[in-house]
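Asks: Generate a structure from the sequence data that follows.
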Amino acid sequence: MIRHALAPLALAGPLAAAPTPPVFQDCADCPRMIALPEGSFVMGSPPDDPERHKSEGPQRTVSVAAFAVGETEVTRGQFAAFVAATNRKTPDGCDTHGDGMDTTSDLDATASWRNPRFAQTDEHPAVCLTWQDAVDYTQWLTKKSGERYRLLTNVEWEYAARAGTTTTHFWGNDADQGCPFANGGDEALVRALPPFEAATKRDYEAGYKEARMVGCDDGSGFTAAVRTYRPNAFGLYDVSGNVWEWVADCHEPAGKSPPPASPPGTCAARNVRGGSWDDWPIELRSADKHKSPPQTRRNDQGFRVARDVVPGIEPAVRQPGF
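Replies: All right, here's what the predicted structure looks like:
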């Protein structure tokens, strides 16, 4: 919970109803990628959305060039391959959920991507990574594959996450119907971290009217393995929930347009998108956008990669009704 706290979702239904998306992979250790067609979409949330943040407006129609995007968030196994190949030093210290007695995160000096304070496999999304960790991973992929990898921009991220939808979430307007699609702060989180439900209630009573748990059970208390839940219409998994995703953009006040990919050291905060395993419905919306200092390491925060598309890769075209 980038606001200051953390929350989860529960196990989704089978994926058989979703058609297999066209994917490609540049190398054995590279993420599976989906090539998205150029297009346009309405970015942001409408003024009458009761959960709207100022940074989500004004709504505007945006055009997007074709690009490729990771089918999933970068996994722990994929990040481990980068660490091993580059002999990268990854210091300990990560913000975690702590004891769950409140909805704020606590710095754990010994937590890390190897030990985020919950069990993971190599198929879970990598967490406890800084913005620079994510950028350096994309640069390693670029050298390894000969193709240009990078982080998504805010515009690309929302275009990919919405996948042609205009609803609050890619599955519709009701967050409580989202457990087949997303791992957020729900009944499964409460089982894993019982005090969190009471902490959320205290936040609501203190004036945070958006403070509420997702009203279903997705089966995952903390992070879930990628591809656990149903994908959106572009074939992308976990664009809502599981972990927040670093994007290239600097965070800017509402009404300002940051450059699509500012260089390191030029901004105090970067945007993160998508919400996570410990988040309330407000933070799982497609338009939701938060900021995080680039040096931050959190156990509910990871990333997804983008790649410049190349001729010969067929863009993903999937029909609504996934």
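Asks: May I have the phi/psi pair for residue 175?
Replies: Torsion angles at residue 175 (phi, psi; degrees, to the nearest 10) stand at phi -60, psi -30.
Asks: residues contacting it?
Replies: 168, 169, 184, 214, 215, 281, 284, 285 (CB atoms under 8 Å, 6 or more residues apart in numbering). C-betas here are computed from N, CA, C, even on glycine.
Asks: cool, and residue 26?
Replies: Counting by CB under 8 Å, 6+ apart, residue 26 touches 33, 141, 144, 145, 146, 147, 307.
Asks: May I ask which helix or strand encompasses it?
Replies: Using DSSP states H and E, residue 26 sits in no helix or strand.
Asks: Use 528 as the first number for this chain going forward.
Replies: All right, first residue 528 from here; so that's residue 553.
Asks: ok, now how distant is it from residue 669?
Replies: 10 Å (CB to CB, to the nearest Å).
Asks: which of the residues in stretch 616-623 are buried?
Replies: Residues of stretch 616-623 classed as buried: 621, 622, 623 (neighbour count, 16 or more other CB atoms under 10 Å).
Asks: before we move on, what about stretch 633-650?
Replies: Within stretch 633-650, the residues that count as buried by 16+ other CB under 10 Å are 633, 635, 638, 639, 640, 642, 643, 644, 645, 647, 650.
Asks: Could you tell me which of the residues you listed are located in strands?
Replies: 633, 635 (DSSP state E).
Asks: can you give me the offset of the biggest helix by length in the chain from its chain's centre?
Replies: As assigned by DSSP state H, the longest helix anywhere in the chain is helix 658-672. Centroid separation between helix 658-672 and its chain, computed with CA atoms, centre = their mean, to the nearest Å, is 18 Å.
Asks: what packs against that helix?
Replies: Packing partners of helix 658-672 (3 or more CB pairs under 8 Å, 6 or more residues apart in numbering; DSSP states H and E): helix 603-613, strand 676-678, strand 828-830, strand 832-834.
Asks: from the contacts of residue 553, which single one is nearest residue 655?
Replies: Closest approach between the contacts of residue 553 and residue 655, by CB to CB: residue 668, at 19.8 Å.
Asks: ok, now which ones touch the residue nearest to the closest one when sequence neighbours are not counted?
Replies: Leaving aside its sequence neighbours, residue 668 sits nearest to residue 676 (CB to CB, 6 or more residues apart in numbering; 4.0 Å). Taking CB under 8 Å, 6+ apart, we find residue 676 in contact with 665, 666, 668, 669, 832, 833, 834.
Asks: Relative to residue 572, how far out is residue 676?
Replies: Shown here: residue 676 relative to residue 572, a distance of 30 Å by CB to CB.
Asks: Put the buried members of the contacts of residue 676 into a ChimeraX selection.
Replies: Selection of buried members from those for ChimeraX, criterion 16+ other CB under 10 Å:
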select :665,668,669,832,833,834
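Asks: nearest to residue 586, of the contacts of residue 676?
Replies: residue 833 (23.4 Å).
Asks: and that closest one, what pLDDT?
Replies: Residue 833 is assigned 98 on the pLDDT scale.
Asks: now the contacts of residue 702: which count as buried?
Replies: Counted by 16+ other CB under 10 Å, these give 695, 696, 711, 741, 808, 811, 812 as buried.
Asks: of these, closest to residue 801?
Replies: residue 811 (7.7 Å).
Asks: pLDDT score for residue 583?
Replies: 84.
Asks: what's the answer for residue 571, then?
Replies: Reported pLDDT for residue 571: 89.
Asks: ok, it - contacts?
Replies: Listed by CB under 8 Å, 6+ apart, the contact set of residue 571 reads 583, 584, 585, 586, 587, 814.
Asks: ranking those by neighbours, who comes first?
Replies: residue 814 (23 neighbours; other CB atoms under 10 Å).
Asks: That residue and residue 601, how far apart?
Replies: Plainly put, residue 814 is 23 Å away from residue 601 if you go by CB to CB.
Asks: wouldn't residue 624 be in contact with residue 634 here?
Replies: No. Judged on CB atoms under 8 Å, residue 624 makes no contact with residue 634 at a distance of 11.7 Å.
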